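# sequence first, predicted model second:
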Protein chains: 2
Amino acid sequence: MTKHTIILQPSGRRGQVEEGKSVREAARELGVEIESICAENATCGKCMVLVEEGRFERYNIDSKRENLSPVGASEEAYLKRRPKLLQSKGWEIGQVRLSCQAKIRGDVLINVPEESRGNKQIIRKSARQREIEIKPSIRKYLVKMSPPNLERPIADWERLAKGLETSMGLIRRGEENLPRWSDLKIDYACLRTLSQTLRDANWDVTVSVWQDKEVIQVQSGYVEDSYGAAVDIGSTTIALYLSDLRTGEVLAAESEMNPQIVYGEDIMSRIQYTIEHEDGLAKLHKSVIDTLNKLLKQAVKTANMQSNETSGLDTDENSARPTRPAGITLNDILEMVLVGNSTMHHLLLNLPPKDLGRAPFVPAIHHSVDVKARELGLQINPSANIHVLPTIASFIGADTSGVILAEEPHKQEENWLIIDVGTNAELVLGNSKRLVCTSTPTGPALEGAHVEYGMRAAPGAMERVVIDEKTLEPKYKVIGVDGWNTDHAEFKGLVKGICGSAIIDAVAEIFRTGIIDSRGRFKRGLESNRIREGASGWEYVIAWEQETSIGRDIPITQQDVRQIQLAKAALFVAARTLLKRSNLQSPDKIILAGGFGSYIDKEKAMLIGLIPDCPLENVYAVGNAAGDGARIALLNIEKRREIETVTRRVERFELPTDPEFQNQYMLATSLPHMSEPFPHIAHLIPNRKADPLAEKFMTK
Amino acid sequence: MTKHTIILQPSGRRGQVEEGKSVREAARELGVEIESICAENATCGKCMVLVEEGRFERYNIDSKRENLSPVGASEEAYLKRRPKLLQSKGWEIGQVRLSCQAKIRGDVLINVPEESRGNKQIIRKSARQREIEIKPSIRKYLVKMSPPNLERPIADWERLAKGLETSMGLIRRGEENLPRWSDLKIDYACLRTLSQTLRDANWDVTVSVWQDKEVIQVQSGYVEDSYGAAVDIGSTTIALYLSDLRTGEVLAAESEMNPQIVYGEDIMSRIQYTIEHEDGLAKLHKSVIDTLNKLLKQAVKTANMQSNETSGLDTDENSARPTRPAGITLNDILEMVLVGNSTMHHLLLNLPPKDLGRAPFVPAIHHSVDVKARELGLQINPSANIHVLPTIASFIGADTSGVILAEEPHKQEENWLIIDVGTNAELVLGNSKRLVCTSTPTGPALEGAHVEYGMRAAPGAMERVVIDEKTLEPKYKVIGVDGWNTDHAEFKGLVKGICGSAIIDAVAEIFRTGIIDSRGRFKRGLESNRIREGASGWEYVIAWEQETSIGRDIPITQQDVRQIQLAKAALFVAARTLLKRSNLQSPDKIILAGGFGSYIDKEKAMLIGLIPDCPLENVYAVGNAAGDGARIALLNIEKRREIETVTRRVERFELPTDPEFQNQYMLATSLPHMSEPFPHIAHLIPNRKADPLAEKFMTK
């Protein structure tokens, strides 16, 4: 029986699938649910997927459209009925297929768009409510002018600028340093349409001024609101928040997988791609710009639809445009603030990221960058400013600047340790006197990848695990199911895998209950059928076959434990290094940033030594602080100056240059740590004893 | 016999030509010589012309390539041998024809490129030597950096900026207000290539800083010179001067006809074109940008060739590229300063000129404009700044700002009257206390157009005329011929027409010698066969048929005198209005700007009342002062600030709003003036008497 490789993006699921199966069937086998409500009759269109053509080196496949069965009559009929939909998404017939119809005939890489995913991913990056003082870079002024006449034929711009000076003076009476009209500038793109706008508006306009110095938009009549977008460009997810710049209200929060993922899942492979391909940088840059443009369009649509709903107007969900005549347009978006790690920062700005990935690891620029939207091809108002927060180092990027801006360690008396965990972790430690930072690769294990049954946080994923220390029996919680599994009389076919928080729970629990020792090794001779020697070594079964939807037992394995040990050791050593450099034994507070931090059990995390010891009540999870920082900078111009200054005085430590690093790293793989007391969770540690043979600690 | 209309650009010559004639023959009939050295054998290629396709409303013709005979074998053979030449000019086979081969079969508009013109036009706009203090907006600094290392992984930009701060401090020791590194910016386009440049240069670079604040170029190693271009965009001619920004030396002066001429010869018809055609503005804008790009390329080529010649290197005149390996490149041009009337200004900047041409006649902007080269599509360094001088009014543009900057009336104790004569005349009057200005259409008569045998200043054109008051016999000088016609024993077939300076001479001389009266009317009964009633009224024959190359007598006609009367009246009234507004009887000095002013006889000009009365020794001709102003602003940043301030306080008077205008205008058509004494040329005025019937003065 012939089999072909199928890769599913953005999940990254891959596998061998029999020839002739439909893409939808194949996806289900690989654990990816694709929507369908027409019983695979090619009529509902909910199962649309995209075939990505090209040679994908990392998967060693050539993906071609011809590797799927040709578009049949009913499929073609469906697609031809939806030209507007395809057009609004920028998809072409041939690339987009109904996954219930397309049969596999060769290797393919398939992109499952958000709207087709059966189990919608929970985007943990959501804008949390946060008090932000609103001092936007853009202010609006109503300017009423007398039209020019033969006696006073003053040019349009000077007439506007003089009127603007008067308006600014009236509205901001008493403020110092208000600009004189002769010091005001007008953006070139805005100047090009000025004469027409003034006449169309009958000399009665609302003027948007950027940073009290540059006119960037002139609108007819009185207009109150202006809009901006804050963006967090993650390596995996791009999240965009459309905000009202006057009220600070988030009108839409949109997110998409970062499309750069097809050029490399991790940062280093994307950098490598730009080095190896002449058009690599151009492609990666374009892919992020295209996605931002898509998210901007979606956000405007969402904002207008919500506005319609509240105003009781009818909307057509299938139409590509809002039905409201006077909604927000892309042209009304007057500023964007973006954060992202240094590689995302460089790719966004079309700067070669080569030197981020090779010693001595330097970015092209630390300072924040201001550039016009039109220079980047962002399809908002062409005169809009794009502000990218400053970078701190090659591996500590504008995202960390966002985190610092949001959490404000630089304003504290106490010493705070902020940890932003992703595939890389960035750590910042300090207070108002001194801030030190570092970063460390943690590997993907903490996010549920490279763990045998690991998966992203999505319905069907185990998210909590507790083991009874007497019976060694587990109970667990599953995303999308209420309560514990043991609360249900029958619990069948619901579990798909283990997500990050449950992996940490599981390792902590098998350690706490003595199933593994402090070196992470499975103990022999314990009386439980859940502990057994599997195909790839010892393992502890959390869910039996019948409880799962994949028809197999779901265990945590010796290999999984090792992955977690390596990840937590890297993180711990980074934290310990910063503490040592600051002459501190432990931080006063620990702040976990990023979606990951919001879901883990902090006691369990400390028990395995993922974070240093600290009173548990002083450990906080703050969610997507990087995105929050972008929103803060969008809404408050003074905060941009503040973070510029703060980032310039953050001291960086590169771990590999630390001579003790390897040694520390070996010690830190033990649970919770070979040579640290961990007083706040000491009561949970079984049979604690020091092991003098630290060097021989790691077993292969 | 079938005849077709042929229009020749840029001369504007037009006429009906028999079918079957070659374009070259037809051109000669119309007074346009086209080069040829191969006896029309299609081998020398000197007679190449371009067929401009399209509907030309003002000439009422449809010009098509098919209206010429097809390209024959020998012509095709020639053109195919020259792909490089055609490519370098951007011409395609089909558009370019050998005018000795192409036969007329229908209406055509033909462009005769500069290189094919038999009688090369004397471009009067040439850069005159002028003392300019050099304070360019761009300064270069050598910066040697230590490369980054793991201990100090500072980003590329911050490393450069810190090095630059040090260099600036060393080089400009003691100067105040030198920027701190943290206040320096880098242009986005320059940032994009920074990392690669620094590494290629091994951290040893020359940095070009614009206005002490923005890095716009980083070059490997030590580089001394940078380059800029000053441009005068005339309605008819675009003149570009490539300068070394360090020495001020003009490395190349290039000029081209303004290609917008095909959309309308005068300003108003170009404005009209942008109103009537949706893509009109885009076309006119693109045509000037394309020409600037062409001139820039030519200037770079000229500069490199001259440099080769002085350095003794071999050059290939036919090659499109300089052979010198390390010459100036377009990328080395770091700034441009442009002047032009308000319409040229708007078309350059892609601003709709509609409101320049309709009441109340306002420009989009008075202030100078700074915009990046890449925003306008100018193919110099993308980070280069394009500076356009300020405009004063709808009909007093950036060209007048250039004239003021060059002549500096605002620094004088005396009252100066500056007159820049073209199709329109701009007048500025005043001193350090007050400057007033106005403009007036003078019509094309003063440039030799709309005069029966008028022509541009080119070989074959009469440029001086003197008439003996006793015999009423003339003598004249012809461009390209030494001495007076009467100095030659035989003087045959040399005259083609009368250029502007000779037209003024002729009118002044027939007035001085009593052939016409002060109202411009030919007197009856004078004894000279040169005075006669021709087909279109009375005329005075300056050159007999046999003296000309056109086979006809060349007279000055009653109509011609009327044209000059109308033009000079407009100019005189404008000057008188300004004098009156300034409570002055006459100016202390008169400055004639523009090519025209350099060639006219100032005594004759005063005799016909073209300029107000003034001691003749106080009348100066200064050539292309607008272009000089552009060069001054290019080389001296302080001058830009100066002209910005000065133009803001120039008072404008629009003549049509002056109630006395019509009355004054009638009086001013008389020679030299009905009611002004003209003491400085009074001795030349025959039978002077006042005419009380001013209202009835003009005869039809």
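Right, received. Where do you want to start?
# list the contacts of residue A:613.
A:586, A:606, A:672, A:676-681 (C-beta atoms under 8 Å, 6 or more residues apart in numbering or on different chains). No exception for glycine: its C-beta is placed from N, CA and C like everyone else's.
# what do you get if the cut-off is 6 Å, keeping everything else the same?
A:586, A:678, A:680 (C-beta atoms under 6 Å, 6 or more residues apart in numbering or on different chains).
# the first one contacts residue A:614, correct?
In other words, residue A:586. Yes. Using C-beta atoms under 6 Å, residue A:586 is in contact with residue A:614, at 5.5 Å.
# whatever residue of the stretch 351-500 of chain A ends up closest to chain B - nearest residue in space that isn't next to it in sequence?
Across the stretch 351-500 of chain A, no residue is closer to chain B than residue A:365, which sits at 4.0 Å (C-beta to the nearest C-beta). Nearest non-adjacent residue to residue A:365, counting by C-beta to C-beta, 6 or more residues apart in numbering or on different chains: residue B:157, 4.0 Å away.
# what's the answer for residue A:154, then?
Spatially, and ignoring its direct neighbours in sequence, residue A:154 is nearest to residue A:148 (6.0 Å; C-beta to C-beta, 6+ apart).
# quick one, phi psi at that neighbour?
phi -70, psi 150 (degrees, to the nearest 10).
# correct me if wrong: it contacts residue B:360.
Yes. Using C-beta under 6 Å, residue A:148 is in contact with residue B:360, at 4.9 Å.
# coming back round to it: quick one: residues contacting the residue nearest to residue A:154.
Taking C-beta under 6 Å, 6+ apart, one finds A:154, B:360, B:362 in contact with residue A:148.
# if you set the cut-off to 8 Å instead, what comes out?
Per C-beta under 8 Å, 6+ apart, neighbours of residue A:148: A:154, A:156, A:159, B:360, B:362.
# from those residues, which is closest to residue A:296?
Ranked by distance to residue A:296 (C-beta to C-beta), the contacts of residue A:148 are led by residue A:156 at 30.0 Å.
# correct me, but that closest one touches residue A:198?
Yes. Contact status for residue A:156 versus residue A:198: in contact at 5.5 Å, counting by C-beta atoms under 8 Å.
# tell me if I am right that residue A:387 is in a helix.
No. Read with DSSP: H, G, I helix; E, B strand; the rest coil, residue A:387 is strand and lies in no helix.
# what's the burial count for the closest residue to it other than its chain neighbours?
Nearest residue to residue A:387, sequence neighbours excluded (C-beta to C-beta, 6+ apart): residue A:337, at 4.7 Å. Using other C-beta atoms under 10 Å in any protein chain shown, residue A:337 has 29 neighbouring residues.
# got a list of what the residue lying closest to residue A:545 once chain neighbours are set aside touches?
Nearest non-adjacent residue to residue A:545, counting by C-beta to C-beta, 6+ apart: residue A:553, 5.2 Å away. Taking C-beta under 8 Å, 6+ apart as the contact definition, residue A:553 lies against A:541, A:543-545.
# residue A:553 and chain B, how far apart?
47 Å (C-beta to the nearest C-beta, to the nearest Å).
# again with residue A:217
Relative to chain B, and taking C-beta to the nearest C-beta, residue A:217 is found at 16 Å.
# surely that residue and residue A:208 touch.
Yes. Contact criterion C-beta under 8 Å: residue A:217 and residue A:208 qualify, at 4.0 Å.
# what touches both of those two?
Counting by C-beta under 8 Å, 6+ apart, the residues touching both residue A:217 and residue A:208 are A:226, A:334.
# you'd agree residue A:218 is in a strand?
Yes. The assignment for residue A:218 (three-state DSSP) places it in a strand.
# and residue A:540, what does it touch?
Residue A:540 neighbours (C-beta under 8 Å, 6+ apart): A:506, A:510, A:515, A:522, A:530-531, A:555-556.
# near chain B, which residues of the stretch 251-400 of chain A?
With C-beta under 8 Å from any C-beta of the partner chain as the criterion, the stretch 251-400 of chain A meets chain B at residues A:349-352, A:354-355, A:359-367, A:369, A:371, A:375, A:391, A:393-394.
# quick one: buried ones out of those?
A:349-352, A:354-355, A:360-367, A:369, A:371, A:375, A:391, A:393-394 (16 or more other C-beta atoms under 10 Å in any protein chain shown).
# in strands only, show me the residues you listed.
Per DSSP state E, strands hold the following members of these: A:369, A:371.
# narrow the buried ones among the residues of the stretch 251-400 of chain A next to chain B to those in helices?
Taking DSSP state H as the definition of helices, these contribute residue A:375.
# on that earlier part again, between the contacts of residue A:613, which sits nearest residue B:386?
residue A:586 (59.1 Å).
# just to check, that closest one is in contact with residue A:618?
No. Shown here, residue A:586 and residue A:618 do not form a contact pair, counting by C-beta under 8 Å, at 9.7 Å.
# neighbouring contacts of stretch A:26-38?
A:6, A:8, A:11, A:13-15, A:17, A:21, A:23-24, A:44, A:46-47, A:49, A:99-100, A:104, A:110, A:112, A:115-119, A:455, A:496-497, A:550.
# in the stretch 251-400 of chain A, which spans are helices?
A:267-276, A:280-311, A:342-348, A:373-376, A:398-407 (DSSP state H, counting those that start in this stretch).
# could you dump those to JSON lines with mean pLDDT?
Output for the helices of the stretch 251-400 of chain A, formatted as JSON lines (pLDDT from 0 to 100):
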{"stretch": "helix A:267-276", "mean pLDDT": "92"}
{"stretch": "helix A:280-311", "mean pLDDT": "88"}
{"stretch": "helix A:342-348", "mean pLDDT": "97"}
{"stretch": "helix A:373-376", "mean pLDDT": "98"}
{"stretch": "helix A:398-407", "mean pLDDT": "96"}
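# close to chain B: what parts of the stretch 101-250 of chain A are there?
Within reach of chain B by C-beta under 8 Å from any C-beta, the stretch 101-250 of chain A has these residues: A:148-151, A:153-159, A:182, A:186, A:188, A:191-192, A:194-196, A:199.
# restricted to strands, list these.
Judged by DSSP E, the subset of those located in strands is residue A:186.
# in PyMOL, how would I select just the buried ones from the residues of the stretch 101-250 of chain A next to chain B?
Buried residues among those (16+ other C-beta under 10 Å), as a PyMOL selection:
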select buried, chain A and resi 148+153+154+155+156+157+158+159+186+188+191+192+194+195
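# low pLDDT regions in the stretch 1-150 of chain A?
A:36-39, A:88, A:115, A:118-130 (pLDDT under 70).
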